[in-house]
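Undergrad: sequence plus the predicted model coming up.
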Amino acid sequence: MRKDRSHGLTYRGEEVRWELPAGVAEAVRRVAAENGVTVFMVVQAAVAVLLSKLGAGDDIPLGSPVAGRTDPALDDLTGFFVNTLVLRTSTAGNPTFAELLARVRETDLGAFAHADLPFERLVDHLSPVRSMSRHPLFQVVVTHRMLDEADLGLPGTEASAYDPGFTVAKFDLTFTVRETRGVAGLSLALTYALDLFEPATGHAMIQRLAHLLQAFCTAPGAQLSHVDVLTADERALVIDTWNETAEDVPDLTLAGLFEAQVDARPDALALVDGDRRFTFAQLDTLANRLAQQIPGDELVAIALPRSAEFLVAMFAVAKFDLTFTVRETRGVAGLSLALTYAL
């Protein structure tokens, strides 16, 4: 569920994590190696597919931070050199996942070749329409973190993780894939802005991403349209629950259903046309009168505006069939005949 954030950002966020099964993590790494891409690129492609299938179109701009330390002289220098790249991912043309990975590789390598271009200069050059309610150029970020719990790179110190008790959402959505050295598994994390998304939406998104990774890394030759983002519960809701529309109906034709109403409540109001009102018995009488004038061995076409006459003609035609009905009414000496036409 998406909320309104027309008054600006509050940066309030929540994070949800998802551990990929060992088999899926292995498949992700295998597909990455077979296609000459990184684990990050595989996840980036899956995020682009996810957003595309959720209605974001087929041109998906994703932000991603880079360390900004391409010069070895900066290795021992303390400072914040991180830059931000815009990785434009196209899902147009219903490619296979392997083909999408080739697109992602080409785009990312081109972006990394210009990683020194400050993001601020790119924004100034493109001069997008600015708003206090969203980040310019992209609103979704994909990141990769390689963790080493045994060595944090701080010799002579002891360090441990600290939870501040709150989550900051700098962007609408931030997808992170985490790898830990010496550990086979992969974990996903999603930080979402509470200004826009409910917790249930965040949980659903991370589940869908895990589902897409499993499906496409099992069959990278599958086209994007062959895998959907419905969860098992959602699929059951659409296919089973919403389709529980079976209802017992009598085994009658249109004419039979109408004549059943004539018999059950002949004096009830059946039709209103402007100032004119017809009971079921009156409508049946008019239809029978017209039916007697229609040849039984010819096709009949009705070309009338929406009116009482149209319904009279429709029921008159519907009364033709090979079924003849004779009606007797208790206490009444007369007999009546009816023709039933099966549509």
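TA: Cool, got the structure. Numbers count the residues shown, from 1 in each chain.
Undergrad: hey, C-alpha coordinates of the lengthiest helix in the chain in CSV?
TA: Longest helix in the chain, counting residues (DSSP state H): helix 199-218. C-alpha atoms of helix 199-218 as CSV (Å, rounded to 0.1, in the frame of the first residue of the first chain):
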residue,chain,number,x,y,z
PRO,A,199,5.1,-2.9,6.7
ALA,A,200,3.0,-5.6,4.9
THR,A,201,4.1,-4.1,1.6
GLY,A,202,7.8,-4.2,2.6
HIS,A,203,7.5,-7.9,3.6
ALA,A,204,5.7,-8.7,0.3
MET,A,205,8.3,-7.0,-1.8
ILE,A,206,11.3,-8.9,-0.2
GLN,A,207,9.4,-12.2,-0.6
ARG,A,208,8.7,-11.4,-4.3
LEU,A,209,12.3,-10.6,-4.9
ALA,A,210,13.5,-13.8,-3.3
HIS,A,211,10.9,-15.7,-5.5
LEU,A,212,12.2,-14.0,-8.7
LEU,A,213,15.8,-14.9,-7.8
GLN,A,214,14.9,-18.5,-7.2
ALA,A,215,12.8,-18.8,-10.4
PHE,A,216,15.2,-17.0,-12.8
CYS,A,217,18.4,-18.5,-11.4
THR,A,218,16.8,-21.9,-11.7
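Undergrad: could you pull up the mean pLDDT of the helix or strand just after it?
TA: Per DSSP states H and E, the first helix or strand lying C-terminal to helix 199-218 is helix 232-236. Averaged across helix 232-236, pLDDT comes to 84.
Undergrad: so for the next helix or strand after helix 232-236, what gets flagged as buried?
TA: Where DSSP H and E defines the elements, the next helix or strand beyond helix 232-236 is helix 254-264. Buried residues in helix 254-264, counted by 16 or more other Cβ atoms under 10 Å: 254-256, 258-259, 262. Placement of C-beta: from N, CA and C, glycine included.
Undergrad: same check, this time on stretch 10-27
TA: In stretch 10-27, counting by 16+ other Cβ under 10 Å, buried: 13-14, 16, 18, 20, 24-25, 27.
Undergrad: so which of those residues belong to strands?
TA: 13-14, 16, 18 (DSSP state E).
Undergrad: mind listing the strands for the stretch 51-200 of the chain?
TA: Using DSSP state E, counting those that start in this stretch, the strands found in the stretch 51-200 of the chain span residues 59-66, 83-90, 140-147, 167-168, 173-180, 186-193.
Undergrad: any chance of CSV for those strands, columns mean neighbour count and distance to Arg235?
TA: CSV is the format used below for the strands of the stretch 51-200 of the chain (neighbours: other Cβ atoms under 10 Å; distance: least, Cβ to Cβ, whole Å):
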stretch, mean neighbour count, distance to Arg235
strand 59-66, 18, 25
strand 83-90, 19, 26
strand 140-147, 17, 25
strand 167-168, 14, 31
strand 173-180, 21, 23
strand 186-193, 22, 22
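Undergrad: closest one to Ala115 among those strands?
TA: strand 59-66 (4.9 Å; Cβ to Cβ).
Undergrad: now do the contacts for the residue nearest the centre of the chain.
TA: In the chain, the centroid-proximal residue (Cα atoms, centre = their mean) is Leu54; its distance is 4.4 Å. The contact partners of Leu54, by Cβ atoms under 8 Å, 6 or more residues apart in numbering, come to 205, 208, 229.
Undergrad: quick check: it vs Leu230, distance?
TA: To Leu230, Leu54 is 11 Å away according to Cβ to Cβ, to the nearest Å.
Undergrad: I'm done for today, thanks for sticking with me.
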